[in-house]
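Peer 1: fold the following, please.
(one chain, ligands or ions: 2)
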Amino acid sequence: MEAGRLQLDRNKLALLKSIIEEIPAELELASIEFEGPFITIYVKNRRALAEYQTLAQNIAKKVRKRIVIRVTSDSRLNPAEAKSKILELTPREAGLDPGSMFFDEFLGEVWVKALKPGYLGGKVRAAVLAETGWRLVAQRISPLESKTLRELTGLTLKQAPYRLEFLRKLGERIHRDVVVKNNYVRITALGGFKEVGRSSILVETRESKVLLDFGVNIGALGDPSKAYPIVDVDSLRVDELDAVIVTHAHLDHAGLVPLLYKYGYRGPLYVTEPTRELMAIMIRDLIDVARRSSRYLPFSEKDLATALVHTIPISYDEVTDVAPDMKLTMYNAGHILGSAIVHLHVGPGLYNIVYTGDFKYADSRLLGKSHTVFPRVEALIMEGTYGSTLQEDRLKAEQRLIEIAGRVAERKGVMLIPVFSVGRGQEILLVLNDAMREKKIPEIPIYVEGLVNEVTAVHLQYPEYLNKRVRDLILEGENPFVTENVKLIEGDAARPDIVEDKPCIIIATNGMLNGGPAVDYFRLIASDPNSALVFVGYQSEGTLGRRIKDGAREVSVVIEGKVEVLNVKLEVHSIDGFSGHSDQRELISYVKSINPKPKRIILNHGESSALQALYTLLKTSKEIRQFASSIHVPSNLDSINLTSQ
Ligand SMILES: [Zn+2]
Ligand SMILES: [Zn+2]
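Peer 2: Residues are numbered from 1 along each chain as shown. Ligands and ions are numbered 1, 2, ... in the order given. So this is what the prediction gives:
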């Protein structure tokens, strides 16, 4: 044991030594700390930093760790002096809001808001650090403010002392030494296998344990045996978990994360920046809906807040150490804003897993298509929601939507598009705004109500996660989602007045008409043959949306506790080409395009029949057979030893 300890110290010492070698003496090194996945170098002589602007990158390249340089607290200017210095050093074009400056004394960071944070690049930040001792963190001032982002920023700043302590403890844990050399990699299916909902996978090595996604099946909320991942949270030993990694904000991937914190998990939650905000919005809404419909939810707002304090947001394409033998990189998945394909490198050089989460292998009006090139891949865990389905071509889908809008405008009716808050709502807005600008349809009002507004604000906050065209528009200061025709409805809306403002388009949550303002709008226009109801997303069994889509023309809705029977006389359309999931053709083509080629393919996130169809196609493809020697369709609770031959 003692010998092991010595070995352990030796490895860490070697790392520290190779860092120290790179730090010029004049910087006056004070200490080196492990802060979460980062190694932080504290120096006393801030002025000397001006000469060494690329020092952090150089050291990072050498030791293959993420390096941050901070100035010790006694060498920083006081906030008042720092503030005027920062205003002097930042270019006017950045549009910095002086009132927004906030100083985090614990981390030595100053948070600012700017119209164009692009102007606060590496050079400006380096100058601010050298002149004031504070690290500049910039947020975009969005034309539509995200309340969630404001709250999250407040929460993070309020918890700053705790967060520093958490990061230091985590840093020690991540950089603990690997004791056992002969390692293995095993995955266990905890949920979302041969089904959609409650996605979760446990990845274990001899050294570490990582959880990928921890979702909830909303449709089965009344029955925990069907709604939650199959795991007794006690037997999972949450204190043994090194990390939880969530691919995207949808509830079937992120919805049950607060439960882990309720049961005492205090480790990190790795997500992309937009996912952090979107999951806060979605889970809050879930808590709200559960409360209003008196359905039981096993966690509260408090557990969500605990989860958010432990969140470590990371950007696409950044390699981050999450355990002594595991490196995580997230790549664009093309599914919703911030959605990620997870690449896990188990090392050194042992094994590489790519987990797609939900992904779209085609460009959309909002996002670029999913990433295909990885440093190494041995196993591909891929979703197969549409494994047996071919979707309508996207351009045709857009054309149909525009045609229906044109007809409704001519007849002076109302077009109602029920959407979920994330993804489709923003995309439909882009399609309709473009069509109006190109005069393909007349300019008529587009009313938007529900969570979709808050979510649109998050989209405007993170243009770098959107495709190039939309990103450039936002960076130029435009708001491609909210044009002058778009009216955002907040609070108690005068819905009866809105449906009288004919012709108009209404986009409202939720997407399957099983709640939200969309139901109320539907009730108001159901009997009007000049109006149209257009579904743009999947309609689950048992929802009002599904019944209407399947042809029901007399339906009942519950409005304020009263049952009302409606005669459906409006036109009903369903357009499936806007899906955020790859269809069968795209799934097959993704497997063929991924580079390098996986030896194993594991299918999840799809009904049995969809996964079976996909399995057969993969198995019978000569091209795929050449590289993939095994293809699995596991059931929940199955484990696979990936490192066995
Ligand atoms: Zn999803
Ligand atoms: Zn999903």
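
Peer 1: any stretches of the stretch 151-300 of the chain with poor pLDDT?
Peer 2: Scanning the stretch 151-300 of the chain for pLDDT under 70 picks out 179-181, 233-235.

Peer 1: what's the one residue in it that gets nearest to ligand 1 in contact with, if anything?
Peer 2: Proximity to ligand 1, evaluated over the stretch 151-300 of the chain using CB to the ion, is greatest for residue 250 at 3.5 Å. The way it works is simple: take the backbone N, C-alpha and C, and place the C-beta from them, glycine included. Residues in contact with residue 250, defined by CB atoms under 8 Å, 6 or more residues apart in numbering, are 215, 282, 336, 358, 422.

Peer 1: how about a markdown table for these, with neighbour count and secondary structure added?
Peer 2: Putting the contacts of residue 250 into a markdown table (neighbours: other CB atoms under 10 Å; DSSP: H, G, I helix; E, B strand; the rest coil) gives the following:
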| residue | neighbour count | secondary structure |
| --- | --- | --- |
| 215 | 27 | coil |
| 282 | 23 | helix |
| 336 | 27 | coil |
| 358 | 26 | coil |
| 422 | 28 | coil |
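
Peer 1: tell me the pLDDT of the one residue in the stretch 501-645 of the chain that gets nearest to ligand 2.
Peer 2: Of all residues in the stretch 501-645 of the chain, residue 605 sits closest to ligand 2, at 5.7 Å by CB to the ion. At residue 605 the predicted local confidence, pLDDT, stands at 96.

Peer 1: identify the residue spatially nearest to it, adjacent ones excluded.
Peer 2: residue 383 (3.7 Å; CB to CB, 6 or more residues apart in numbering).

Peer 1: my read: that neighbour touches residue 358, true?
Peer 2: Yes: look at residue 383 against residue 358 with CB atoms under 8 Å: they come within range, at 5.5 Å.

Peer 1: who touches both of the two?
Peer 2: By CB under 8 Å, 6+ apart, the residues touching both residue 383 and residue 358 are 581, 605.

Peer 1: got the contact list for residue 323?
Peer 2: Neighbours of residue 323 in contact, by CB under 8 Å, 6+ apart: 174, 205, 207, 208, 210, 242, 243.

Peer 1: ugh, wrong one, I meant residue 525
Peer 2: Here residue 525 is in contact with 413, 414, 416, 499, 531, 533, 570 (CB under 8 Å, 6+ apart).

Peer 1: and it, what's its pLDDT?
Peer 2: pLDDT, read off for residue 525, is 97.

Peer 1: make 13 the starting number, not 1.
Peer 2: Sure, I'll start numbering at 13, so the last one becomes residue 537.

Peer 1: can you give me phi and psi for it?
Peer 2: Torsion angles at residue 537 (phi, psi; degrees, to the nearest 10) stand at phi -120, psi 0.

Peer 1: cool, and residue 78?
Peer 2: Phi and psi for residue 78, reported as degrees, to the nearest 10, are phi -90, psi 120.

Peer 1: that one: neighbour count?
Peer 2: Residue 78 sits with 18 neighbouring residues when counted by other CB atoms under 10 Å.

Peer 1: against residue 274, how distant is it?
Peer 2: According to CB to CB, to the nearest Å, residue 78 and residue 274 sit 30 Å apart.

Peer 1: one step back: spatially, which two of the contacts of residue 335 are the most separated?
Peer 2: 186 and 217 (14.0 Å; CB to CB).

Peer 1: name the residue closest to the centre of this protein, please.
Peer 2: Central residue of the chain (CA atoms, centre = their mean): residue 287, 2.8 Å from the mean position.

Peer 1: where's that one relative to residue 521, distance?
Peer 2: 19 Å.

Peer 1: can you check residue 204 too?
Peer 2: From residue 204 to residue 521 the distance is 24 Å (CB to CB).

Peer 1: just residue 450 next, same as before
Peer 2: 27 Å.

Peer 1: which of these two has more neighbours?
Peer 2: Per other CB under 10 Å, whichever of residue 450 and residue 521 has more neighbours is residue 521, with 25 against 9.

Peer 1: next to ligand 2, which bits of this structure? Give me the list.
Peer 2: Within the chain, the positions lying close to ligand 2 (CB under 5 Å from the ion) are 264, 370.

Peer 1: tell me the domain ranges of the chain?
Peer 2: Listed by automatic domain parsing, the domain ranges of the chain are 14-85, 88-182, 196-401+593-652, 406-586.

Peer 1: any idea how far the strand ranked longest in the chain is from the chain center?
Peer 2: When the chain is parsed with DSSP state E, its longest strand is strand 108-116. From the chain centre to the centre of strand 108-116 is a distance of 27 Å (CA atoms, centre = their mean, to the nearest Å).

Peer 1: just stretch 446-465 next, same as before
Peer 2: With CA atoms, centre = their mean, you get 26 Å for stretch 446-465.

Peer 1: what's it in contact with?
Peer 2: 156, 293, 297, 377, 414, 417-418, 421, 431, 433, 437-438, 441, 444-445, 468, 495, 497-502, 505, 510, 513, 515-522, 528-530, 533.

Peer 1: with stretch 406-417 instead?
Peer 2: Under CB under 8 Å, 6+ apart, the answer for stretch 406-417 is 374, 376-377, 404, 427, 440, 443-444, 447, 452-453, 517, 544, 546, 548, 583, 585, 587-590.

Peer 1: change it to 10 Å
Peer 2: 372, 374-377, 403-405, 427, 429, 439-440, 442-444, 446-448, 450, 452-454, 456, 458, 515, 517, 544-546, 548, 583, 585-591 (CB atoms under 10 Å, 6 or more residues apart in numbering).

Peer 1: ok, of the residues you listed, which come out buried?
Peer 2: Buried members of the contacts of stretch 406-417, scored by 16 or more other CB atoms under 10 Å, are 372, 374, 376-377, 403, 427, 429, 439-440, 442-444, 447-448, 453, 456, 458, 515, 517, 544-546, 548, 583, 585-591.

Peer 1: up against ligand 1, what does the chain have?
Peer 2: Contact residues (CB under 5 Å from the ion) of the chain with ligand 1: 262, 370.

Peer 1: isn't the residue of the stretch 513-657 of the chain closest to ligand 2 up against residue 229?
Peer 2: No: counting by CB atoms under 10 Å, residue 617 does not reach residue 229; the two are 11.7 Å apart.

Peer 1: who's more crowded, those two?
Peer 2: residue 617 (29 against 23).

Peer 1: and that one, how far from residue 594?
Peer 2: 11 Å.

Peer 1: tell me, what's touching the two both at once?
Peer 2: 368, 370, 371, 394, 395, 396, 397, 399.

Peer 1: from those, which land in strands?
Peer 2: Per DSSP E, those map to strands at 394, 395.

Peer 1: buried ones in whichever helix or strand comes after the longest strand of the chain?
Peer 2: Once the chain leaves strand 108-116, the next helix or strand it forms, by DSSP states H and E, is strand 121-126. For strand 121-126, burial by neighbour count (16+ other CB under 10 Å) applies to 121, 122, 123, 124, 125, 126.

Peer 1: elements contacting strand 121-126?
Peer 2: If you count contacts as 3 or more CB pairs under 10 Å, 6 or more residues apart in numbering; DSSP states H and E, strand 121-126 packs onto helix 91-101, strand 108-116, helix 134-144, strand 147-152, helix 159-170.
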